[in-house]
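Asks: Sequence plus the predicted model coming up.
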Amino acid sequence: MGQVIRRLQEVGFRPQDFLGLPVELSRLEDRGVSDRENDRQSQLSNRFPDLAELPPEIGLEVLSHLDATDLCLAACVWSHLANDELLWQSLCRSCWGSVSIYNIQRHEEFSYKQLFMLLDEACLTFNTDPSAGIHYLTSKGILLDKPIEIARFLHSTKRLWPSKKLEFLQHRPDVLECLVQLQHFQNQFLPNALRKFFREVSAPRDRGSTLTMMIENFSKRFCACNPKLGLSKDAVFILCFSLIMLSVDLCSPQVKNKMSKREFIKNTCRAVSGAQRRPGWPHV
């Protein structure tokens, strides 16, 4: 003990300093408690609010930004809000714009959440076997087995692969005709309109009857949307085939001598000899 006192004297520590030591320690302890409380309050303020404590309309607005997977996970915490029919109806219509069941009388146990799951399953099936996917929908009473209803369904969703649409339409020309009628080509440049059409339905790899059927329907629709151009259906048909052949010529590595711009214009103008030359057509 004497050694400790001598050591404190050596460093200049005075006995009266002991009087303020407990007060200082208490002050430091109080400051530590206060800091911990402030940290806890800060963490609580930064925490995501409990949606159940918010007004229902605000909670629904927050959940409306979730996709189906996240909404199902949210239902584990906020079951009442995340299973709201309006949320699932909005999801269904944003993913599938036109489905027959939207406009027909539904039974009392109908649920948009269940409908979403059925439509999602149907799309997965369609992208494997298109005919089976459509049969799944018609057998469940979700889609009417009518060409126009099937065409509207194909046209209103991006969840179906264009290549599988082509596979289905090869065997359903009635649906293809209705699908083309749903396209809008007003005031569009012909090559752009053709690209838009083949983005929705993949172009066939071979120049067979399917491609001919698709171009015929496209030409008819393009002329109907742009009557002021004065082009006949046959003229548009030939122009479309010329554009397709030009694309193949330019992109195929097997074609060594690529077609020049002048050759393309010359060949196309000769092929469309039956159509009237319009102002602005290229001169050969």
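Replies: Received the coordinates, thanks. Numbering: from 1, shown residues only.

Asks: ok, now how distant is the nearest residue to Ala74 once chain neighbours are set aside from Leu115?
Replies: Using Cβ to Cβ, 6 or more residues apart in numbering and skipping residues adjacent in sequence, the residue nearest Ala74 is Ala82, 4.2 Å away. The C-beta positions use only the backbone N, C-alpha and C, and glycine is treated the same way. When Cβ to Cβ, to the nearest Å is applied, the distance between Ala82 and Leu115 equals 16 Å.

Asks: burial count for His155?
Replies: A count of neighbours around His155, defined by other Cβ atoms under 10 Å, yields 19.

Asks: That one touches Trp96, doesn't it?
Replies: No: contact status for His155 versus Trp96: not in contact, 10.5 Å apart, counting by Cβ atoms under 8 Å.

Asks: Return the distance of the residue nearest to Ala74 relative to Asp70.
Replies: Shown here: Ala82 relative to Asp70, a distance of 9 Å by Cβ to Cβ.

Asks: neighbour-wise, which of the two wins?
Replies: Ala82 (22 against 12).

Asks: Distance of Trp96 relative to Ala224?
Replies: The value you get for Trp96 to Ala224, if Cβ to Cβ is used, is 27 Å.

Asks: What residue, apart from its backbone neighbours, is nearest His171 spatially?
Replies: Sequence neighbours aside, Ser131 is the residue nearest to His171 in space, at 7.4 Å (criterion: Cβ to Cβ, 6+ apart).

Asks: Return the distance of the one you found relative to Cys95.
Replies: Distance, Ser131 to Cys95, by Cβ to Cβ: 21 Å.

Asks: The two - which one has more neighbours?
Replies: Neighbour tally, Ser131 and Cys95, criterion other Cβ under 10 Å: the higher count belongs to Cys95, 18 against 13.

Asks: if I look at that one, how far off is Lys158?
Replies: Distance of Cys95 to Lys158, given as Cβ to Cβ: 8 Å.

Asks: Then Leu71?
Replies: 19 Å.

Asks: Ok, Cys251 next?
Replies: 25 Å.

Asks: coming back round to it: and Leu71 and Lys158? which has more neighbours close in?
Replies: Leu71 (22 against 11).

Asks: Looking at the more buried one now. What's its pLDDT?
Replies: On the pLDDT scale, Leu71 is placed at 71.

Asks: Which residue, other than its chain neighbours, is closest to it?
Replies: Ala82 is the one closest to Leu71 (Cβ to Cβ, 6+ apart), at 5.4 Å.

Asks: Test my guess that that neighbour contacts Ala68.
Replies: No: counting by Cβ under 8 Å, Ala82 does not reach Ala68; the two are 10.6 Å apart.

Asks: Mind listing residues that contact the host helix or strand of Ala122?
Replies: Here Ala122, judged by DSSP states H and E, is contained in helix 112-126. Helix 112-126 has contacts (Cβ atoms under 8 Å, 6 or more residues apart in numbering) with 68, 83, 85, 88-89, 91-92, 95-96, 99, 101, 132-134, 136-137, 140, 142, 157, 159-160, 164, 168.

Asks: how about a cut-off of 7 Å?
Replies: Contacting residues not belonging to helix 112-126 are listed as 68, 83, 85, 88-89, 91-92, 96, 99, 101, 132-134, 136-137, 140, 142, 159-160, 164 [Cβ atoms under 7 Å, 6 or more residues apart in numbering].

Asks: Filter those down to the buried ones.
Replies: Taking 16 or more other Cβ atoms under 10 Å as the criterion, what is buried in those is 68, 83, 88-89, 91-92, 96, 99, 101, 133-134, 136-137, 142, 160, 164.

Asks: Which pair of these spans the longest distance?
Replies: For the buried ones among the contacts of helix 112-126, the farthest-apart pair by Cβ to Cβ is Asn83 and Lys164; their separation is 31.8 Å.

Asks: Could you figure out how far the helix or strand containing Leu87 is turned away from helix 112-126?
Replies: Secondary structure from DSSP H and E places Leu87 in helix 85-95. Interaxial angle, helix 85-95 versus helix 112-126 (axes from the mean of the first three to the mean of the last three Cα atoms, to 10 degrees): 30 degrees.

Asks: Packing partners of helix 85-95?
Replies: Under the contact criterion of 3 or more Cβ pairs under 7 Å, 6 or more residues apart in numbering; DSSP states H and E, helix 85-95 touches helix 56-63, helix 112-126.
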